[in-house]
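*Asks:* Sequence plus the predicted model coming up.
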Amino acid sequence: MARTRYAPDRGLTSRMLVTMFLLGLVYVVFVTAFFVIAPRYGPVILLVAVALLLAQYFFSDRLALFGMRAREVSPEQAPELHGVIDRVCAMS
């Protein structure tokens, strides 16, 4: 693995892991609650849960951009921004 000049941030890593675990736990709790409320629709609930999970996986980048009202810009539209990002990438 390549060495970096940035020190590892154990606090950030642990917060990210806790957040990921809690989001997964919320997902499992909702699916379990639906199974408890309507057990005879189990296969449908499971199918919907898997479909939502796949949709979140494949469309998460678009959801994040939409949530922040962000948009992608080309180097012609924002050359200063692309220059800053290129320098930051080169330095890291």
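*Replies:* All right, it came through fine.
*Asks:* so where's the chain uncertain?
*Replies:* Residue ranges of the chain with pLDDT under 70: 1-2, 4.
*Asks:* residue ranges for the helices of it, please.
*Replies:* With helices called from DSSP state H, the chain shows them at 10-37, 42-67, 79-91.
*Asks:* so can I have CSV of those showing distance to residue 73 and mean neighbour count?
*Replies:* From N, CA and C alone the C-beta is placed, and that goes for glycine too. CSV is the format used below for these (distance: least, Cβ to Cβ, whole Å; neighbours: other Cβ atoms under 10 Å):
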stretch, distance to residue 73, mean neighbour count
helix 10-37, 27, 11
helix 42-67, 12, 11
helix 79-91, 7, 10
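*Asks:* In CSV: those helices, plus distance to residue 3.
*Replies:* Output for the helices of the chain, formatted as CSV (distance: least, Cβ to Cβ, whole Å):
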stretch, distance to residue 3
helix 10-37, 18
helix 42-67, 29
helix 79-91, 14
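*Asks:* Excluding sequence neighbours, find me the nearest residue to residue 71.
*Replies:* Excluding the flanking residues, the one nearest residue 71 by Cβ to Cβ, 6 or more residues apart in numbering is residue 65, at 7.0 Å.
*Asks:* May I ask you to confirm that that neighbour is in contact with residue 59?
*Replies:* No. Taking contacts as Cβ atoms under 8 Å, residue 65 lies outside contact range of residue 59: 10.2 Å.
*Asks:* thinking again about what came up before, can you give me the separation between the residue nearest to residue 71 and residue 10?
*Replies:* If you measure residue 65 against residue 10 using Cβ to Cβ, to the nearest Å, the figure is 30 Å.
*Asks:* Show me what stretch 38-51 is in contact with.
*Replies:* Stretch 38-51 has contacts (Cβ atoms under 8 Å, 6 or more residues apart in numbering) with 27, 31, 34, 35.
*Asks:* Report the contact partners of the residue nearest in space to the middle of the chain.
*Replies:* The centroid of the chain falls nearest to residue 60 when counting by Cα atoms, centre = their mean (5.7 Å). Contact analysis of residue 60 by Cβ under 8 Å, 6+ apart lists nothing.
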